[in-house]
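Enquirer: after the sequence you'll find the predicted model.
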Amino acid sequence: MATGRTHRPATRSRGIPEATVARLPLYLRALTALSERSVPTVSSEELAAAAGVNSAKLRKDFSYLGSYGTRGVGYDVEYLVYQISRELGLTQDWPVVIVGIGNLGAALANYGGFASRGFRVAALIDADPAMAGKPVAGIPVQHTDELEKIIEDNGVSIGVIATPAGAAQQVCDRLVAAGVTSILNFAPTVLSVPDGVDVRKVDLSIELQILAFHEQRKAGEEAAAAAGAAVDGIPATAVRKQSADKGPDGDVPAVMPA
């Protein structure tokens, strides 16, 4: 199996839009579940529903991969798993380093989904000397003084930052200088990187704030509806029940994909 530095996925050179790339993992997750149940083929409608997108968008996305399915039969599940895995670069081994082994970093180290998707945690790195040598998820933590050597020895091109915000940029700079070209950032700060380095940011607090906005909006809509109904003599409890049965697009409750 190849290592992370020998090949880069061809999605950009083939002109696949970033929005399509972002949906490929959703399709792969749904297809993997079908494969585990030994389902041989799947229609675009069934797969789109499982991935949480509409079928027209799915067919457009797959056209970028050169996969059009068979009329009346659908898509071959195993072939699509292979095709999407290849496009995402998951048919090879990607060594990853996690920097910052606090609660979040330790949780990431213990996440079993990395290995099953082609990502091998090559090293855990922390600035606290007291953490050095302690095993987390069966991997001994190494000190940040060894960061550059660890990256070189393991051929790492993907780094995960789970440090406090104040340390994230410095860690990022060292990762990039050592040869890392893709970074997954969990620190609550915006990183500055040179051209040619990709950064994906995961901020749980931002996601919670967005959910809080929607909750506030729903509460405001219910209050307004109840006030209007009270004027018309309709009990407020009936209005709340009616409102709960509607999603933002009509009578079907809104459900976001996991």
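Expert: Cool, got the structure.

Enquirer: let me see the domain layout of the protein.
Expert: Domains of the chain are assigned by automatic domain parsing as 18-88, 94-204.

Enquirer: okay, those in a markdown table with mean neighbour count, distance to K218 and mean pLDDT next?
Expert: Using the backbone N, CA and C atoms, a C-beta is placed for each residue, glycine as well. Formatted as a markdown table, the domains of the chain follow (neighbours: other CB atoms under 10 Å; distance: least, CB to CB, whole Å; pLDDT from 0 to 100):
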| stretch | mean neighbour count | distance to K218 | mean pLDDT |
| --- | --- | --- | --- |
| domain 18-88 | 16 | 20 | 93 |
| domain 94-204 | 17 | 21 | 96 |
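
Enquirer: in JSON lines, list the ones you listed along with distance to G220.
Expert: Shown next, in JSON lines, are the domains of the chain (distance: least, CB to CB, whole Å):
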{"stretch": "domain 18-88", "distance to G220": "26"}
{"stretch": "domain 94-204", "distance to G220": "25"}
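
Enquirer: among those domains, which comes closest to A229?
Expert: Among the domains of the chain, domain 18-88 comes nearest to A229, with 33.2 Å by CB to CB.

Enquirer: for the closest one, measure first residue to last.
Expert: 12 Å (CA to CA, to the nearest Å).

Enquirer: centre of the chain to the lengthiest strand in the chain, how far?
Expert: Longest strand of the chain, by residue count under DSSP state E: strand 119-126. Relative to its chain's centre, strand 119-126 lies at 18 Å (CA atoms, centre = their mean, to the nearest Å).

Enquirer: give the next helix or strand downstream of it.
Expert: Following strand 119-126 in sequence order, the next helix or strand is strand 135-136 (DSSP states H and E).

Enquirer: list the buried residues in the longest helix along the chain.
Expert: In terms of residue count, the longest helix belonging to the chain (DSSP state H) is helix 204-232. Using 16 or more other CB atoms under 10 Å as the test for burial, helix 204-232 gives E222, A225, A226, A229.

Enquirer: need the max-distance pair from those.
Expert: E222 and A229 (10.3 Å).

Enquirer: quick one on the thing from earlier: hmm, who's touching the longest strand of the chain?
Expert: The contact list for strand 119-126 (CB atoms under 8 Å, 6 or more residues apart in numbering) reads 93-102, 105, 109, 114-115, 132, 136-137, 139-144, 146-147, 150, 154, 156, 158.

Enquirer: and if you look at stretch 18-28?
Expert: Stretch 18-28 is contacted from outside by 11, 47, 51-53, 57-58, 60-61, 64, 80-81, 84-85, 87-88, 90, 257, using CB under 8 Å, 6+ apart.

Enquirer: 7 Å instead, please
Expert: For stretch 18-28, the surrounding residues in contact (CB atoms under 7 Å, 6 or more residues apart in numbering) are 11, 47, 51-53, 61, 64, 81, 84-85, 87-88, 257.

Enquirer: repeat for stretch 62-80
Expert: 16, 20, 31, 34-35, 39-44, 47, 83, 87.
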